[in-house]
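**Student:** let me see the structure of the following:
(one chain, ligands or ions: 1)
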Amino acid sequence: MSRPAELASDSPPRWSELSATGRRVLLDLLVHGPRSRIRIAERLGLSRASLTRVARELVDSGLILPGDMLASASRGRPAEELHLRPQAAHFVGVKVTAERVYAVVTDLAATVVDELSIALDSPTETNVVGAVVDATRTLMARHANVSALGVGLAADVLRRTGEPLVASSPLLGWSAPVPLARLLTDLVGLPVTIANDVHALTAAHHWFGSGVNHRSVVVYGVGAGIGCGVVIDDELVQGAHGRSGRVGHTRVGRTGRECSNGHTDCVHSFVSMPAIEANAGVAPGEYALALDRARAAEGRERDAFAAAAYALGTAVAETVDLLDPELVSLMGEGLDMLDVDPAAFEEGLVAHLEQVPRSDVRLDRPPFAFGLYARGAAATAIREVLSA
Ligand SMILES: [Zn+2]
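**Tutor:** Model (predicted):
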């Protein structure tokens, strides 16, 4: 994708100078789209006068435009309507996996406008930092007004006191706490936000996906592992130590591969692409082969997908019992079990719901692309500059 020429001379907005009310108005437009001044004032409990003042501030900083100043004004947008100006700022979002670093650039509306990926020889701390810095610098050279960097990875991110620390990441083989945000800030010269990847996916889903307009949402991310993100009362639940949403070692009551804790009957024994490969009897990395065989005929491969579907249903039931969310969204690149054996998922779900009618459980499976993880990381950076 090429850089839109009109943006070349833009510089990032001065976020730190923005008023608290300005941030709230911007966030409302970001999540809910263009609105009339009257609706915004009502929703945010602002007087007409203070909204006028804030709207002027946001227009002056180039972050929003009144409807009559849009390029599409010929279609008759009223001046009363306020619109985000998406090109006013860009954000870099990065998803780190054990094999690659995936990076995207989004505009202020969290629309992806550019992307790239860099292979990792091994996911050591040094290699990951180097690849994230390379990716960010390359994208900053293409997009002149980058405001912040967000990084998502399969790890606990401790943010209770002081700077956020990546506590540990079994998937990357990191055990000691890593001050990743500080390391990256020093090298790229941007504010940096670090988040658990599924938490980032969840935050973005709540703002921009089918989670919009739901005050409580649970998101499952299933792929190389299984993660869970929780939104309650419109807030992402981080937990006291950044560890909320751990569902992977819930016991399922069947026998599968041994997990890292030595269980053979937990969610990790069945749900995740490596677990399915192991239970299907194919070599690591041959998930696609196992899937082809499972679709073609009965047998061990089909059983592995069925057991994964049952275990995922069990995990979903546990969070529904605990949290009673309005919506559960199933996301990730490893959800083929739902197509191979949807009945097994329902069986695991219904067997573990506690006095909850199945009809009260709202599930969806939004369209998924792997880039949503990196976009989620960018969304956490947007959230950070708007809440600072
Ligand atoms: Zn386990």
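**Student:** C-alpha from now on. contacts and neighbour counts both.
**Tutor:** Fine.
**Student:** quick one, what contacts Glu258?
**Tutor:** Thr264, Asp265, Ser269 (CA atoms under 8 Å, 6 or more residues apart in numbering).
**Student:** hang on, it in a helix?
**Tutor:** No. The assignment for Glu258, made by DSSP: H, G, I helix; E, B strand; the rest coil, is coil rather than a helix.
**Student:** tell me which element the most centrally placed residue in the chain falls in.
**Tutor:** The residue lying closest to the centre of the chain (CA atoms, centre = their mean) is Leu201, at 1.2 Å. Using DSSP states H and E, the element containing Leu201 is helix 197-208.
**Student:** what packs against that helix?
**Tutor:** Packing partners of helix 197-208 (3 or more CA pairs under 8 Å, 6 or more residues apart in numbering; DSSP states H and E): strand 146-153, strand 217-222, strand 226-232, strand 235-236, helix 371-387.
**Student:** mind running it again at 7 Å?
**Tutor:** strand 146-153, strand 226-232, helix 371-387 (3 or more CA pairs under 7 Å, 6 or more residues apart in numbering; DSSP states H and E).
**Student:** what sits up against the helix ranked longest in the chain?
**Tutor:** Longest helix of the chain, by residue count under DSSP state H: helix 300-323. With contacts defined as CA atoms under 7 Å, 6 or more residues apart in numbering, helix 300-323 is touched by 247, 250, 252, 267, 270-271, 276, 279-280, 290, 293-294, 337-338, 340-341, 344-349, 352-354.
**Student:** if we can go back for a sec, near the ion, list only the ones from the contacts of Glu258.
**Tutor:** By CA under 5 Å from the ion, no member of those lies near the ion.
**Student:** who wins for neighbours among those?
**Tutor:** Ser269 (30 neighbours; other CA atoms under 10 Å).
**Student:** in contact with that one, which residues?
**Tutor:** Gly256, Arg257, Glu258, Cys259, Ala275 are the contacts of Ser269 under CA under 7 Å, 6+ apart.
**Student:** and of those residues, the nearest to Ala240?
**Tutor:** The nearest member of the contacts of Ser269 to Ala240, counting by CA to CA, is Cys259 at 25.4 Å.
**Student:** tell me the pLDDT at that closest one?
**Tutor:** Cys259 carries a pLDDT value of 93.
**Student:** how many neighbours does it have?
**Tutor:** 17.
**Student:** contact partners for it?
**Tutor:** His268, Ser269 are the contacts of Cys259 under CA under 7 Å, 6+ apart.
**Student:** run through the residues of the stretch 201-350 of the chain sitting next to the ion.
**Tutor:** Near the ion, when you scan the stretch 201-350 of the chain using CA under 5 Å from the ion, you find His249, Cys259, His263, Cys266.
**Student:** for those residues, which single residue is the most surrounded?
**Tutor:** Greatest neighbour count in these, by other CA under 10 Å, goes to Cys266: 25 neighbours.
**Student:** hey, what's it bridged with?
**Tutor:** Here Cys266 sits in beta bridges with Arg251, as judged by DSSP bridges.
**Student:** how about whatever residue of the chain ends up closest to the ion, nearest residue that isn't a chain neighbour?
**Tutor:** Using CA to the ion, the closest approach of the chain to the ion is made by His249 at 3.9 Å. Counting by CA to CA, 6 or more residues apart in numbering, His249 lies nearest to Cys266, which is 4.9 Å off, once chain neighbours are set aside.
**Student:** and what of Ser61?
**Tutor:** Nearest non-adjacent residue to Ser61, counting by CA to CA, 6+ apart: Pro13, 6.4 Å away.
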